[in-house]
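A.B. asks: below are the sequence and a predicted model for it; my questions follow.
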Amino acid sequence: MSLPLDDRGLLLGDGLFETLLVIDGAPVWWGEHMARLRRGCLALGLPEPAEDDALACARQALAAQPAHPRAALRLTWTAGSGGRGLDRPANLAPRLLASLAPAPRPTDTLRLATASVRRNAGSPASRHKTLAYLDNVLARREAQAAGADEAVMLNTAGEVACAAAANIFWVEDGELFTPALDCGVLDGLARAAVMARAATLGVAVSEMRAGAEVLGRAEAVFLTNSLLGLRPAATLDERRLNRPPLLDALADGLF
């Protein structure tokens, strides 16, 4: 499907997306991704895509690509075509696109670096998967220039928020912590799954607002998203981190 030059997603980042893990041709957490997409539509004032249409679009993308044992399926929902300027047309006609790419599970160590690019916790976009991801792109670029793989992003108040493309957790004195959603954090599906897994293990998770100093004294840090599951970090700003058995217990059974 070609994208018209007046598409609002292309011109203004007006839209949403979801990235789903596909294992042996079957999307993981389909219902949860669709529910989050609907929540994003409500927040941005966009019509919701019909789930049958989304499923048909996904199946078309899956059928058009060679089979991969592990792949990433991206669904993109733009506000459709509109005239020049910021105002949406009176009759929105959103546009749905799907694409597929291989997504092998990473096996190398993960190096993190704290980026100077800040996340705007006051923006509705910080809590939804909108098409406006330039800050995340710049944060990742900065981290890679520093020799790391992924960026840790603070918000404009200097509080730990997330990675460029993942939620973040840390372990201190055997306790588990993650930033509160109002720090400008996406309500990640893997984040929720890890928290649920922690509950079954009898491990409390504290959602909190905290400055970067908490990561400086953390014994372990890990990231979560729908493609990675749980991925421990080996270093943060060149400081070596541990990998306590708790991390493997939390990762067990995610997917």
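C.D. replies: Here it is on my side, so go on.
A.B. asks: quick one, helices of the stretch 51-200 of the chain?
C.D. replies: 51-64, 134-145, 189-200 (DSSP state H, counting those that start in this stretch).
A.B. asks: pLDDT (mean, whole number) over the longest one?
C.D. replies: Helix 51-64 shows a mean pLDDT of 95 in the predicted model.
A.B. asks: and Gly229, how far from Asn167?
C.D. replies: Shown here: Gly229 relative to Asn167, a distance of 12 Å by CB to CB, to the nearest Å. Bear in mind the C-beta positions are built from the backbone N, C-alpha and C, glycine included.
A.B. asks: which of those two has more neighbours?
C.D. replies: Asn167 (25 against 20; other CB atoms under 10 Å).
A.B. asks: quick check: the more buried one touching Ala193?
C.D. replies: No - Asn167 lies out of contact with Ala193 (CB atoms under 8 Å); the separation is 10.6 Å.
A.B. asks: would you quantify the distance from the most far-flung residue of the chain relative to its centre to Leu110?
C.D. replies: Most distant from the centre of the chain: Ala90, at 31.0 Å, with distances by CA atoms, centre = their mean. Distance, Ala90 to Leu110, by CB to CB: 47 Å.
A.B. asks: one more: Ala93?
C.D. replies: In terms of CB to CB, Ala93 sits 41 Å off from Leu110.
A.B. asks: higher neighbour count, those two?
C.D. replies: Higher neighbour count among Ala93 and Leu110: Leu110, with 21 against 11, using other CB under 10 Å.
A.B. asks: isn't the more buried one up against Leu236?
C.D. replies: No - counting by CB under 8 Å, Leu110 does not reach Leu236; the two are 9.5 Å apart.
A.B. asks: and the end-to-end length of stretch 81-94?
C.D. replies: Chord length of stretch 81-94, first to last residue, is 8 Å (CA to CA, to the nearest Å).
A.B. asks: residues touching Arg105, list them.
C.D. replies: By CB atoms under 8 Å, 6 or more residues apart in numbering, the contact list for Arg105 reads 70, 228.
A.B. asks: what do you get if the cut-off is 7 Å, keeping everything else the same?
C.D. replies: By CB atoms under 7 Å, 6 or more residues apart in numbering, Arg105 lies in contact with Arg70.
A.B. asks: got any residues that touch both of Gly229 and Asn167?
C.D. replies: By CB under 7 Å, 6+ apart, the residues touching both Gly229 and Asn167 are Ala190.
A.B. asks: where does the chain have low pLDDT?
C.D. replies: Flagging of the chain using pLDDT under 70 yields the residue ranges 1.
A.B. asks: quick one, domains of it?
C.D. replies: Per automatic domain parsing, the structural domains of the chain span 8-102, 111-251.
A.B. asks: now, of these, which is deepest in the fold?
C.D. replies: Among the domains of the chain, domain 111-251 has the highest mean neighbour count (mean count of other CB atoms under 10 Å), at a mean of 18.
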